[in-house]
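# what's the 3D shape of this:
(2 chains)
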There are 2 protein chains.
Amino acid sequence: MKHDNPPLLMIPGPVFMHPRIYEAFSRPLIGHRTPEFEEFFEETINMFKKLIQTKNEVFLLTGSSTSAMDSAIANVVSPGDKVLNVVQGKFSERWLELTKAYGGESIVLNIEWGKAVRGEDIARSLEKNKDIKFITICHNETSTGILNPAEEIGKVAREYDKILIVDGVTSVGGDYVYPDKWNFDILAGGSQKCVGIPPGLGMIMVGPRAWEIIESRKFIPSYYLNLLKYREDHMPFTPSIPHIYALHESLLMIEEEGFENRVKRHRIMGKATREGIKAIGLDLFADEKFASNTVTAVSYPNSIKDEEFRKAIQDKGVLIAGGQGKIKGKIFRIAHMNVVTEREILVTLSLIELALSQLGFLKNLGKGVKAADEIFFKNKK
Amino acid sequence: MKHDNPPLLMIPGPVFMHPRIYEAFSRPLIGHRTPEFEEFFEETINMFKKLIQTKNEVFLLTGSSTSAMDSAIANVVSPGDKVLNVVQGKFSERWLELTKAYGGESIVLNIEWGKAVRGEDIARSLEKNKDIKFITICHNETSTGILNPAEEIGKVAREYDKILIVDGVTSVGGDYVYPDKWNFDILAGGSQKCVGIPPGLGMIMVGPRAWEIIESRKFIPSYYLNLLKYREDHMPFTPSIPHIYALHESLLMIEEEGFENRVKRHRIMGKATREGIKAIGLDLFADEKFASNTVTAVSYPNSIKDEEFRKAIQDKGVLIAGGQGKIKGKIFRIAHMNVVTEREILVTLSLIELALSQLGFLKNLGKGVKAADEIFFKNKK
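Sure thing, here's the model as predicted:
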């Protein structure tokens, strides 16, 4: 495999990374059991806790983001436990699969893909099934470009005294995620999205109500992902040292930028992308009132073929994503995560216009780019 | 954490890495779902299969080595299944912990730490417990410096028709490991040992007899480490792309060196280390007839304190390991894995001599270095 012309990654992970992350990733390894590294590891955890403003414990798992999601379910859901799984896309559906894998009794709340789930939807399900113990949601549904109103959902969960398990894989680091204030009991995150480092690290926050359950269980059906091991020793197994170097560096960069500024930037990038897409004449897939600030999903016009379209863009050096699950071939997705700036949004929109023109859908170029640029201009004032 | 004077890693993972691995680790990321990366991923698996001469399926798991061990047990051992766990050190003991974690009924064959387990020991246990279904062993017990006669054990396992599960974490890539020829049903490996890349990747080989069990199970108590998912899609979850780049590079380097040469080099390094240690007047902890070629464990004389001794060596820039579990404080360990050459062995022995002299144990310097050098000289003829 050649690396002489790496693509600009506008897919929802792995994302476009800053050179400082590449540098961190290639630092010399040291022993993970040295006091020096142990201190660095703790500092990294503390920086992450600060990012999500939590007083709860956070653990770093060497694994894909799914390892953190697996850990969440394996540690708290016992066979037969009733779990309300909100399903509205591929990643929220993963909670359902995990619930089944560990013998939980799943009650599915299906939400139309591209729509948000509201607190009242969840309340209705809880009223119908009084013995539900857990609720799972995906905060930012990457497959459809929806950002769910997590605070509102957290309120309902606490009101009904349910354990709320949240997938924050594509929101943490790019948008506000405040598990303590918003009543999340467990939050799972990943490394290759808005925190901007390579895939290979999962994060998990565990609150006191979740610990109560974990401590009361006779048997936790996992070893590598058993949270009691991680509580006893933050590094029960040799971690991927370069990922820790990189996470520390990325969290430092987030501090330097200022988290408020970072979220504002993500929101501007999201807004510019959406306005650009609409000006081109394409339809947003997701309900704009709940549009994700980190990924935008776009419906294909009937005449456009997914592979052909994305290949035309990729041939010019930019990688965007297709659809997943039942909307594969029907949408494409642009991620605007991590260190993405105007430049990356503008080139992506420009290539989308060129591809659509090449495929006979578009006559006049430049409308999308112009609309996006107006958003950037407005936000500079 | 500063990186201006990184230690020479003579610990059993993470190990001293070649600059080519650092380079591979910092290559630009590309999308893992691109045909280009998928091809590269398959090529990497095939190179690994070639290294261990297997026709069985091999999967790369994003996780510590323990994730591969966890996967082994979670996928085949059902609650109540009888498992013969050979325990002779910290890593073989991990199989026992895993067996219990998944509800298996463990029958422990305790072997004195520092001694090898023989085929006849295992046969005796199997005679006593006819309903044993699985046998777990650690090929190269990193905590004691023992290389078990795996071929002999494999013969017994097959003769009694048992499923043999082997931890090859610190043998694969540094010594001969031939799972097909030696009747292993499952082999777990790790990345940060003799294959010489950072921690964060587990490998697992699964043979047909293990698949039969997996396929017959109604329920596999794992999601992230469920092997059926990996068989269906080699990348069911986003892998750590840099680890794949690095593994590919390392396997390329192993091909360039020639695997026979590589094993020979490891054996010479092991022999030189042992002769050096003995010439210094220290005792090897492990039975020399079954000495590991990748890690050497040394018993402390009564007068020497573990922390003080290792600190004196670390202060001069070389990191060696202490003991683990019940032999913590009683031994130290030198790993000679991956790209280690004469130079690293000689400096390590030299610093051991200096530290022992400083601590009042040794009068005349140079005996260890000389003995090791003689081994190197002999092997150059």
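
# near chain B, which residues of the stretch 101-250 of chain A?
Contact residues, the stretch 101-250 of chain A versus chain B (CB under 8 Å from any CB of the partner chain): A:101-103, A:190, A:192, A:198-200, A:219-226, A:237-243. Where you see a C-beta, it was placed from the backbone N, CA and C, and this is true even at glycine.

# pull out the buried residues from those residues.
The neighbour-count test (16 or more other CB atoms under 10 Å in any protein chain shown) marks A:101-102, A:190, A:192, A:198-200, A:220-226, A:237-243 as buried among these.

# run a quick neighbour tally on residue A:143.
Residues lying near residue A:143 (other CB atoms under 10 Å in any protein chain shown) number 29.

# quick one on the thing from earlier: in helices only, show me the buried ones among the residues of the stretch 101-250 of chain A next to chain B.
With helices taken from DSSP state H, the overlap with these comprises A:101, A:241, A:242, A:243.

# circling back to that earlier point, narrow the buried ones among the residues of the stretch 101-250 of chain A next to chain B to those in strands?
Per DSSP state E, strands hold the following members of those: residue A:190.

# how about stretch A:37-54 against chain B, any contact?
Yes. Using CB under 8 Å from any CB, stretch A:37-54 reaches chain B at A:37, A:39, A:40.

# tabulate these (CSV), appending secondary structure, neighbour count and pLDDT.
Below are the residues of stretch A:37-54 next to chain B laid out as CSV (DSSP: H, G, I helix; E, B strand; the rest coil; neighbours: other CB atoms under 10 Å in any protein chain shown; pLDDT from 0 to 100):
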residue, secondary structure, neighbour count, pLDDT
A:37, helix, 19, 97
A:39, helix, 11, 98
A:40, helix, 18, 98
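
# ok, which stretches of the stretch 251-381 of chain A are strands?
A:283-284, A:295-299, A:318-319, A:321-322, A:331-335 (DSSP state E, counting those that start in this stretch).

# now swap in the stretch 1-150 of chain A and tell me
Under DSSP E, counting those that start in this stretch, the stretch 1-150 of chain A gives strands at A:8-9, A:57-62, A:82-87, A:105-110, A:134-138, A:140-141, A:146-147.

# ok, residue A:369 touching residue A:348?
No. Residue A:369 lies out of contact with residue A:348 (CB atoms under 8 Å); the separation is 9.7 Å.

# more crowded one of the two?
Neighbours were counted for residue A:369 and for residue A:348 using other CB under 10 Å; residue A:348 has more, 25 against 21.

# residues contacting the more buried one?
Shown in contact with residue A:348 (CB atoms under 8 Å, 6 or more residues apart in numbering or on different chains): A:8, A:10, A:273, A:313, A:318, A:320, A:334.

# could you rerun that using 7 Å?
Residues in contact with residue A:348 (CB atoms under 7 Å, 6 or more residues apart in numbering or on different chains) are A:10, A:318, A:320, A:334.

# list the residues that contact the first one.
Pointing back at residue A:10 there. Contacts of residue A:10 by CB under 7 Å, 6+ apart are A:318, A:319, A:320, A:334, A:335, A:344, A:348.

# okay, residue A:183 and chain B: tell me how far apart.
26 Å (CB to the nearest CB, to the nearest Å).

# pretty sure that residue sits against residue A:157.
Yes. Here residue A:183 reaches residue A:157: they are 5.9 Å apart, a contact under CB atoms under 7 Å.

# now list whatever residues contact both of these two.
residue A:164.

# ok, the two, which is more surrounded?
Per other CB under 10 Å, whichever of residue A:183 and residue A:157 has more neighbours is residue A:157, with 27 against 21.

# now that one, nearest residue through space, not along the chain?
Distances taken as CB to CB, 6 or more residues apart in numbering or on different chains put residue A:164 closest to residue A:157, at 3.9 Å, once the chain neighbours are dropped.

# and the gap between that neighbour and residue A:148?
Distance check for residue A:164 against residue A:148: by CB to CB, to the nearest Å, it reads 12 Å.

# neighbour count winner among those two?
Neighbour totals were compared for residue A:164 and residue A:148, and residue A:164 leads with 28 against 25 (other CB under 10 Å).

# sec struct for that one, please.
strand (DSSP: H, G, I helix; E, B strand; the rest coil).

# my guess is it meets residue A:188, correct?
No. Contact criterion CB under 7 Å: residue A:164 and residue A:188 do not qualify, at 12.0 Å.

# still on that earlier bit, closest to chain B among the residues of stretch A:37-54 next to chain B?
Taking CB to the nearest CB as the measure, chain B lies nearest residue A:40 of the residues of stretch A:37-54 next to chain B, at 4.4 Å.

# now that closest one: closest residue in space that isn't a chain neighbour?
The spatially closest residue to residue A:40, leaving aside those adjacent along the chain, is residue B:1, at 4.4 Å (CB to CB, 6+ apart).

# in the stretch 151-300 of chain A, which spans are helices?
A:208-216, A:227-232, A:241-257, A:259-280 (DSSP state H, counting those that start in this stretch).

# figure out which of these is closest to residue B:141.
helix A:227-232 (21.4 Å; CB to CB).

# what's the local residue count around residue A:13?
27.

# how near is residue A:46 to chain B?
Note on residue A:46: its distance to chain B, by CB to the nearest CB, is 14 Å.

# look up how far residue A:247 lies from that residue.
Residue A:46 is 12 Å from residue A:247, by CB to CB.

# who has more neighbours, the two?
residue A:247 (25 against 12).

# isn't that one right up against residue A:44?
Yes. Look at residue A:247 against residue A:44 with CB under 7 Å: they come within range, at 5.5 Å.

# joint contacts of those two?
In contact with both residue A:247 and residue A:44: no residue, using CB under 7 Å, 6+ apart.

# hang on, the earlier thing: could you dump the helices of the stretch 151-300 of chain A to CSV with mean pLDDT?
Listed next are the helices of the stretch 151-300 of chain A as CSV, based on pLDDT from 0 to 100:
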stretch, mean pLDDT
helix A:208-216, 98
helix A:227-232, 98
helix A:241-257, 98
helix A:259-280, 98
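
# distance to residue A:79 added to the ones you listed, as TSV?
As requested, the helices of the stretch 151-300 of chain A are exported to TSV (distance: least, CB to CB, whole Å):
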stretch	distance to residue A:79
helix A:208-216	14
helix A:227-232	18
helix A:241-257	33
helix A:259-280	40
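
# nearest to residue A:330, of the ones in helices among the buried ones among the residues of the stretch 101-250 of chain A next to chain B?
For those, the residue nearest residue A:330 by CB to CB is residue A:101; the value is 28.0 Å.

# quick check: the closest one touching residue B:223?
Yes. Contact criterion CB under 7 Å: residue A:101 and residue B:223 qualify, at 4.2 Å.

# re the thing from before, export the strands of the stretch 251-381 of chain A as a markdown table, with columns for mean neighbour count and distance to residue A:267.
Shown next, in a markdown table, are those (neighbours: other CB atoms under 10 Å in any protein chain shown; distance: least, CB to CB, whole Å):
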| stretch | mean neighbour count | distance to residue A:267 |
| --- | --- | --- |
| strand A:283-284 | 14 | 15 |
| strand A:295-299 | 26 | 12 |
| strand A:318-319 | 21 | 22 |
| strand A:321-322 | 20 | 20 |
| strand A:331-335 | 26 | 14 |
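
# closest one to chain B among those strands?
strand A:318-319 (5.2 Å).

# so that closest one, near chain B or not?
Yes. Contact of strand A:318-319 with chain B (CB under 7 Å from any CB of the partner chain) involves residue A:319.

# quick one: contacts of that strand?
Here strand A:318-319 has contacts from A:7, A:8, A:9, A:10, A:11, A:347, A:348, A:351, B:31, using CB under 7 Å, 6+ apart.

# need the contact list for the residue most central in space within chain A.
Geometric centre of chain A, nearest residue: residue A:170, 1.2 Å, by CA atoms, centre = their mean. Neighbouring residues of residue A:170 by CB under 7 Å, 6+ apart: A:12, A:140, A:142, A:193, A:194, A:294, A:295.

# residue A:316 now?
residue A:351.

# measure it to residue B:200 for me?
Residue A:316 is 33 Å from residue B:200, by CB to CB.

# neighbours of the closest residue in space to residue A:59 that isn't next to it in sequence, how many?
Among residues not flanking residue A:59 along the chain, residue A:230 sits closest, at 4.3 Å (CB to CB, 6+ apart). A count of nearby residues for residue A:230, using other CB under 10 Å, gives 21.
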